[in-house]
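# A structural model of the following input is requested.
(chains A and B)
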Amino acid sequence: MAERNSTDSAESRYSEILSPSELFAARSRCHKIPVRGQKDFFPNDSGEQRQRLEQSLSEHWSLTSEERVERLGNLVKATWIPSDQVVELQSPAGKFWQTMGFSAHGKQYLLPEEALYLMECGNLQVFYKDLPLSIQDGYERFLSSNTVSLLQYQVFGHLKRLGYVVHRFDPSSQPSTYARQLNLPQSRDKVGRQPKRKRSVSPTPMPTSSRTEKQDSTTEMMEVDKDEKDGKPPESHLMTSPETLEVQCSATSTADEDGGRTWWSGDVLECKESNHSTTSTSSSRWDFSSIPFPDLGSRESLSDSLTSPDPSLLPGGLAVGVCEVATWRQKINLRKVAMSSKEQGREDDRRRRRGDVNKDREVQQCRNWTEYQELMARRQSRCDGRPAHLWNREVTPLHDPRQPLPTRELLEKINVIKSTNLLEGVSRLKESDEWGIRFSVYQPDSVAEFKKSHPGKPYSHMCVCSFDGPVPDLRAIKLLASQTGDVPVVFAVVDYGDVSFYTFKDFQLPVDVYP
Amino acid sequence: MLAEFRAPRRRNRVHEEYEAPLPVTQSPEERSDFRAELINQHVLVRNPDHIQRIYNQGYFGKGILSRARPDHSISDQWEQHKGLCLPVVSQSRYEERLKWAGAALSAQGLDDEAVSQILTKLSQPVEAEDVRREGPQPEGGVCPHTKRLRSEVEPKAKRFCRLESQDLNLSSDQDPDSDPDPGSNSGSDSDPDPEPVVPGPGFVLVDCDGDVRSTDSESRSGSGLQVRELRHNPVSVSEYLQLSVEEAFFLVYSLGCLSVHLHQEPLSIIQLWRTFQSQCPHFISSYAAYHHFRSKGWVPKGGGGAKYGVDFMLYRKGPPFYHASYSVVVERVDDAFRDTALRPFSWRSLAALNRITANVSKELMLCYIIYPSDLSEVELESPDCLSRLKVQEVMVSRWVSSRERAEQDDI
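Numbers count the residues shown, from 1 in each chain, chains lettered A, B, ... in the order given. The predicted structure follows:
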């Protein structure tokens, strides 16, 4: 660097250009970083300690008071344009142009935060109205709500100093949710599928209402059929055929109800009625207490003939005479088993203990075979020891330990709480100003091949917040996840210049079945 | 972007064997009917067999006198004495226990003379033949080498003790709570000849020369032998298994294998749900998270609050096998995913929690329970509302900008 004696006055104003001896001194500065040894925890008034302290303190002072020496030719000049909030370069850009800045109208521009960063690095000198701006001026003018806030600039600077490439986030460069939906693999695309076919309403006992309901359900089924057919033709074909069969059967039954044959359909109706309502009083036309059913197999002697049944019980104009049962009884083995006296005694004991099933009052209360079976099941479960306080109430356990299952199926059985992912339900959330992605960050190693026009997929998206501010709740996390695509979102938390980074990532805990 | 799953770290030394993931059996013959009591807002299991099964198969609960597994024993030292394996207590401790027994008897209203009479009778030395005649008891039938013996020591002043005179082991040595299961465990566990018989918990070996490890040259232990006397155990303490409300409800509702009794009356599921809800204001959220993790096959252990500052620690298989993989904080959100702030986080507290979690090599997980907007109060009164809740898991981790530069890891 040749010294310019003529520009002494200029030097005295700027005093930035070094004399050769100063330059040499700067070049040969010691580059050692002061070593920090073990700490002393307590002050002891020893001279040695004091000396060590003074030495390290002076080393630190000399380091921080060092001035950086740069080439004058590397200093790029630029002007600040407040109307556009950009900095226009006046001299050609240096190496930083690879990752920073943009071109427009044939000129080179820098964004304010990039300009401020370069100013702090000593690579850029920005003029406004022909006066160079100081760093303080830069902070005051370049950082505003229109450009980048102070917090965001601190994060920007921190990352740039570590070597990352940081650009302002451009939402239009992200594929929209719709576009992303189209690219989603088939398994996750549940939006287009119809819900599973609902079961059609079973016909009620009332003939008139059943017909209208049947019509409704058939129309319902028709609609569902149509939708299914739009989606998957072969499957729907298979599913509709049993449905249509059902429709036909019930159609015929309704026809029958309207026609004759009252006694048989009446039974059908009554059966359905009794099945639907267990507490209904028995309004059946049969009084079973007065209709005897002979027990042909009993060992007690019966008369050899059965009386003729009541004609009112018989269909049509049937008339039945007396029935001879002797021949039938011969066909049944009514012989007594020859048992020794001990066996007989045991048999008697057993029978006494068991008791006559007909004498059981609860059995007598059963009106039909179904109720008897229910009674037996109840008794069985009581003997089985299934705790009544768990199983006979409104809410029963999810699993019965008496029906063992392998572990994997058991886990699936009790899995009643569904997991969800971050992108679910995002569409109904409104955008919020508080949380937004500010920067796209690219990895430092890609600097060599970095192309500003095609930066590629960012390493992460940066969201800036203050340490004194709130932590993002699930709503914010979901919103950001929807904006970001598959690039991880990192929260940069600024605490008066110190920046920490936290990520909140979606996670699905895998099912663990051992072995 | 999904967080990647990191495999759980195995512990270096595993002392235990894995029995089963859950205390419901795969075979229909074994019954899984456990009984617990709700005492003073705590759920306790008292029957020793139930305790063993519930803890060993699924690691539910915590022993009230132990750190985790209920393995309280009257003494750490067990010795063989004429073919019996017995715990050894020092003379001073034996006398202390005699005093406890005396206090218990006085509390029952017996006068001093009667008390001293009973105590003298109690402290008579016992012949080994009498002990052997009693036969191995179910609780004592476990092989002593595994150190899983629990003696019957009754808490004297604790609120759940039932001081009846027969509990002082004068007549019978059986735990009045457990149903005697003759021969099922003991017959198979103790070999008649080579293995020493482990009698019931009513007997101890008293070291009459003072401290067990006394090296006092004045005592008669100069020869290395110490005189041991076989005595009755004056006071027996039972260790119970304490279940947290989530664990208890899970066993009752999801597996159907536990019944909780309040004042001897079994509680139905709805009654239990409402009782727990009134006890813990955030029961539904924490139970939903517990249920979710159990249905994925992981073992959530609560009670990490004092140690790690979180609601649950998630273990794979169980605490003895793997280090905990995740620390879980349960949060409740409404339909619009806004926090109702069970635990409001600030960046400071989140950073602190993250630091603690990273220091113990675990990962911090936030578990959000999402309540739909149309869930009414009435529906919350029944556990059927669980099927309407949803669970979102979020991993929190710290990204270090400078280290990433060097290691080129993915975020």
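
# Need the CA coordinates for stretch B:114-121. CSV is fine.
Presented in CSV, the C-alpha positions along stretch B:114-121 are these (Å, rounded to 0.1, in the frame of the first residue of the first chain):
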residue,chain,number,x,y,z
ALA,B,114,-50.5,-59.0,80.7
VAL,B,115,-48.2,-57.2,78.3
SER,B,116,-45.1,-58.3,80.0
GLN,B,117,-46.4,-61.9,80.3
ILE,B,118,-47.1,-62.0,76.6
LEU,B,119,-43.7,-60.6,75.8
THR,B,120,-41.9,-63.1,77.9
LYS,B,121,-43.7,-65.9,76.3
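
# can you pull the pLDDT of residue 280?
Since you didn't name a chain, this refers to chain A. A:Ser280 is assigned a predicted lDDT (pLDDT) of 41.

# my bad, the chain I had in mind was chain B
pLDDT, read off for B:Cys280, is 89.

# which intervals of the stretch 201-350 of chain B have sub-threshold pLDDT?
B:201, B:208-226, B:341 (pLDDT under 70).

# residues in it within reach of chain A, list them.
Contacts of the stretch 201-350 of chain B with chain A, taken as C-beta under 8 Å from any C-beta of the partner chain, map to B:252-257, B:259, B:266-270, B:273, B:288, B:291-298, B:314, B:316-317, B:326, B:331, B:333, B:336-339, B:345-348, B:350. (Glycine included, C-beta is placed from N, CA and C.)

# redo that, cut-off 7 Å
Counting by C-beta under 7 Å from any C-beta of the partner chain, the positions of the stretch 201-350 of chain B adjacent to chain A are B:252-257, B:259, B:266-270, B:288, B:291-292, B:295-298, B:316-317, B:333, B:336-339, B:345-347, B:350.

# Among those, name the ones in strands.
Residues of these located in strands (DSSP state E): B:Ser259, B:Pro266, B:Trp298, B:Arg316, B:Val333.

# re earlier: can I get the buried ones among the residues of the stretch 201-350 of chain B next to chain A as something I can paste into PyMOL?
In PyMOL syntax, the buried subset of those is picked out as below (16 or more other C-beta atoms under 10 Å in any protein chain shown):
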select buried, chain B and resi 252+253+254+255+256+257+259+266+267+268+269+288+291+292+295+296+297+298+316+317+333+337+339+345+347+350
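
# from the ones in strands among the residues of the stretch 201-350 of chain B next to chain A, which single one is nearest chain A?
Proximity of these to chain A (C-beta to the nearest C-beta) peaks at B:Pro266, which lies at 4.1 Å.

# The closest one contacts B:Leu272, correct?
No: counting by C-beta atoms under 7 Å, B:Leu272 is not a contact partner of B:Pro266; they are 9.6 Å apart.

# How many residues are close by A:Ser103?
Number of residues near A:Ser103 (other C-beta atoms under 10 Å in any protein chain shown) recorded here: 13.

# contact partners of the host helix or strand of it?
Here A:Ser103 is covered by strand A:102-104, with elements defined by DSSP states H and E. Residues outside strand A:102-104 that contact it (C-beta atoms under 7 Å, 6 or more residues apart in numbering or on different chains) are A:Tyr109.

# can you check stretch A:82-90 too?
Stretch A:82-90 has contacts (C-beta under 7 Å, 6+ apart) with A:76-81, A:107-112, A:115, A:126, A:146-147.

# Ok, stretch A:392-408 next?
A:384, A:386, A:390, A:410, A:413-414, A:513, B:21-22, B:24-28, B:32, B:252-257, B:268-270, B:382-384.
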